[in-house]
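Q: Fold the following and give me the result.
(one chain, ligands or ions: 1)
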Amino acid sequence: MSNSSVENVVIIGTGCAGLTAAIYTARANLNPLVLEGPLPGGQLTTTSEVENFPGFPHGVDGFQLTQNMREQATRFGTRFEQTLVERVDFTSMPRQLICSDRVILAKTVIIATGASPRLTGIPGEKELYGGKGVTTCATCDGAFYRKMEVAVLGGGDSAAEEAMFLTRFASKVYLVHRRDTLRASKIMADRAAAHEKIQMVWDSVPVEVLGVKDGAVSGLKVKNVKTGAESVLPVKGIFVAIGHIPNTGSFAPPLEVDEGGYFKPQAGSQVQTNVPGVYVAGDCSDHIYRQAITAAGMGCQAAIEAERWLAEHHHE
Ligand code: NAP
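A: Just a heads-up that it's a prediction; the model follows:
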């Protein structure tokens, strides 16, 4: 394994957070190196149209939006490389990123590896995911289901929140949960249970997404776990909200994570980790907002912090 020269800043991840960090550090003449993982462009590329990113009054295609950010980062000199960081050694300076083919040395590191929505794995889910009726983001895709019936899967705060949000558009929202009480906080659970458009489907697990042959969701087969009875919900949209899996495994330890596996920034900062000069941004550390615009904001914060750190430690 050969070592490369020492980078000023290495950004891991090419979603909104990583690309925004790249734009800022490139404009600051730091010549950033961005490492791309298995899903270039991040979660945005799996949604169709983004209607809530400021600056696009008529919406923008998710893939196009990340392409635009990438082009913007490239314009200021960002370099991109496709490689997977397998583990890190942050015990000394420069920091070491151990990849399958080499070791990358960096003075500062911005980790923006995102989170992967947890999926159920039932038949039809993968085939109809992203623009064909199965999605993991009501804020992104809810408006496409005006006056239609939809189902939300899950029983946590996300599921309750998604269901409430969807009542703005859908004619009816089935909330399918595998138990007979929601895990969601009481206020959220009560609000969802009381809403006239939300119908609870208790003790039920999803079994199959229907419509694969036609390329669009035509229904959801569910099974009552107590009676074993199967039925079909006549929905056009299925919102999977059974949690996210933050992509933090290669970095923790040494980086601190919370009980959900999300990076845990230091008190008083949204992006500073427990290792000096190492920052986190976007969905790998944010389990509350999880929006493209908030991820971009964190990427900006991390970039400015890295820039300041380099200015203060230029003699090292
Ligand atoms: P979560 O709290 O982990 O809930 C996941 C839900 O999905 C649980 O109800 C779980 O069922 C269900 N589930 C998991 N795997 C399943 C499977 N294979 N099939 C069917 N159901 C499955 O996740 P979350 O709702 O995304 O929330 C994550 C964190 O963010 C929580 O701390 C939450 O409080 C927070 N959050 C807060 C807000 C807010 O305050 N506004 C909004 C969103 C999220 P069981 O209940 O049976 O385990």
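
Q: Contacts only, for residue 297.
A: residue 20 (Cβ atoms under 8 Å, 6 or more residues apart in numbering). C-betas here are computed from N, CA, C, even on glycine.

Q: now do residue 87
A: By Cβ under 8 Å, 6+ apart, the neighbours of residue 87 are 98, 250.

Q: Checking residue 98 next. Helix, strand or coil?
A: Of the three states, residue 98 takes strand under DSSP: H, G, I helix; E, B strand; the rest coil.

Q: roughly how far apart are the residue nearest to it when sequence neighbours are not counted and the ligand?
A: Of all residues not flanking residue 98 in the chain, residue 87 sits nearest, at 5.0 Å (Cβ to Cβ, 6 or more residues apart in numbering). Remark: distance between residue 87 and the ligand (Cβ to the nearest ligand atom, to the nearest Å) = 27 Å.

Q: Test for you: state the pLDDT assigned to residue 87.
A: Residue 87 carries a pLDDT value of 95.

Q: which SSE is the residue nearest to residue 189 when sequence neighbours are not counted in?
A: Closest residue to residue 189 apart from its sequence neighbours, by Cβ to Cβ, 6+ apart: residue 182 at 4.1 Å. Assigned by DSSP states H and E, residue 182 belongs to no helix or strand.

Q: Then the one 5 residues further on?
A: In this structure, residue 187 is located in helix 186-194 according to DSSP H and E.

Q: same question, residue 11
A: strand 3-12.

Q: Also residue 220?
A: Using DSSP H and E, residue 220 falls in strand 219-224.

Q: Just the C-alphas of that strand, formatted as PDB.
A: Extracted C-alpha coordinates of strand 219-224, given in PDB (Å, rounded to 0.1, in the frame of the first residue of the first chain):
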ATOM      1  CA  GLY A 219     -51.900  -1.900  -3.700                       C
ATOM      2  CA  LEU A 220     -50.200  -3.200  -0.500                       C
ATOM      3  CA  LYS A 221     -50.900  -6.700   0.800                       C
ATOM      4  CA  VAL A 222     -50.700  -6.800   4.600                       C
ATOM      5  CA  LYS A 223     -51.100  -9.600   7.100                       C
ATOM      6  CA  ASN A 224     -52.600  -9.400  10.500                       C
END
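
Q: Does it reach the ligand?
A: No - using Cβ under 6 Å from any ligand atom, strand 219-224 stays clear of the ligand, with a minimum separation of 10.5 Å.

Q: Then stretch 195-203?
A: No - applying Cβ under 6 Å from any ligand atom, one finds stretch 195-203 out of contact with the ligand, separated by at least 10.4 Å.

Q: Check what contacts that stretch and list those residues.
A: 151, 163-164, 167, 170-180, 192-193, 222, 224-226, 233.

Q: Name the residues of the stretch 1-150 of the chain found near the ligand, please.
A: Residues of the stretch 1-150 of the chain lying close to the ligand (Cβ under 6 Å from any ligand atom) are residue 120.

Q: any idea where the helices of the stretch 1-150 of the chain begin and end?
A: Ranges of helices in the stretch 1-150 of the chain, per DSSP state H, counting those that start in this stretch, are 16-27, 62-75, 138-141.

Q: Can you tell me which of these is packed in deepest?
A: Highest mean neighbour count among the helices of the stretch 1-150 of the chain (mean count of other Cβ atoms under 10 Å): helix 16-27, with a mean of 29.

Q: What mean pLDDT does that helix get?
A: 98.

Q: what sits up against it?
A: With Cβ under 8 Å, 6+ apart, helix 16-27 has contacts from 8-9, 11-12, 32, 34, 42, 44, 65-66, 69-70, 72-73, 76-78, 110, 112, 114, 281-283, 292-293, 295-300, 302-304, 306-307.

Q: Understood, closing this out.
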